[in-house]
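Chemist: Here is a sequence with its predicted model. Questions after.
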Amino acid sequence: MLIFGLMKNNLNISLIQSNLFWEDVNKNLSHFEQLISAILETDIILLPEMFNTAFCPKSTHLTEKMDGETINWMKQISKNKNCAIAGSLMVQENGKVYNRLLWISKNGEISTYDKRHLFSLIKENEPLSKGKNRLIIEEEGWKICPLICYDLRFPVFSRNDEDYDLLIYLANWPIKRIDAWDTLLKARSIENQCYTIGVNRVGEDGNKVPFNGHSKVVDASGKEVLSSTENKEEVLQIEISLDDLKLKRRQLNFLQDRDNFKLL
């Protein structure tokens, strides 16, 4: 799926690394609204995985429909800040529940991606249904592939076979596996020759699992160009350059030698 927009060479992106309140939608939305109020101007706001409840896939009583409170809140933030906004939450549709990434474009158009790789280690795959298709968005002339947390471990699904410019992972990634997070974000950038952004949470969830953030932006060569403060709530902003990305690809055009295999 593609959504077309006008070309903008420099894209201003805001990453919100926040603590999340366990199973408390109202408190989370209020808290994010306070954090977002400090953003004066941006093109895209990125929120963590299940930002409205924390990562609690068994708590299906907290699922919403597409006209629910959280999505309406996202639409209002997008309108007020004149920007795109993205985050994931549990959404019920056609009798199934999905960990759904919502992308609200600046023009108000809504796009969705349902998490493909459900975290079987804690049985996310039992209450939730997995998605089928990847989402490629065109925002401000940039081609963007937004994914969710555990998708980071599966390079074939993330593979840049559509010449996207920016790869995004919205996550609840715990401290005990944070070294893998750091390494895999760099790997996805290098192999796909794109900017890669990881947005993670901090604090402790309702299962006493600790999170320390490590939200970051990595360029097409694997260099960290923005890194969050560990264990701290932060609103991070960065401006990334399409000209710089295209230059790196011209200088070392590895993508031209990629294989043409497709997912079944």
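Modeler: Good, I have the coordinates.

Chemist: Tell me which helix or strand residue 180 sits in.
Modeler: Per DSSP states H and E, residue 180 falls inside helix 178-192.

Chemist: er, residue 88 I mean
Modeler: Applying DSSP H and E as the criterion places residue 88 in strand 84-93.

Chemist: Repeat that for residue 27.
Modeler: helix 25-36.

Chemist: which residues are contacting that helix?
Modeler: 14, 16, 18-21, 45, 47, 51-54, 62, 69-70, 73, 77, 81, 233, 235 (CB atoms under 8 Å, 6 or more residues apart in numbering). Quick note: C-beta positions are derived from backbone N, CA and C, even for glycine.

Chemist: For stretch 19-39, buried residues please.
Modeler: The neighbour-count check on stretch 19-39 (16 or more other CB atoms under 10 Å) flags 19-25, 28-29, 31-32, 35-36, 39 as buried.

Chemist: can you check stretch 76-88 too?
Modeler: For stretch 76-88, by 16+ other CB under 10 Å, it's 77-78, 81, 83-88.

Chemist: for stretch 234-243, the distance to its chain's centre please.
Modeler: In terms of CA atoms, centre = their mean, to the nearest Å, the centre of stretch 234-243 is found 14 Å from the chain centre.

Chemist: helices or strands up against the strand holding residue 88?
Modeler: Counting contacts by 3 or more CB pairs under 8 Å, 6 or more residues apart in numbering; DSSP states H and E, strand 84-93 packs against strand 44-46, helix 69-81, strand 96-104, strand 166-170.

Chemist: The first one pairs with which strands?
Modeler: Translated: strand 44-46. Sheet pairing here is set by DSSP bridges, and for strand 44-46 it gives strand 10-17 (parallel), strand 84-93 (parallel).
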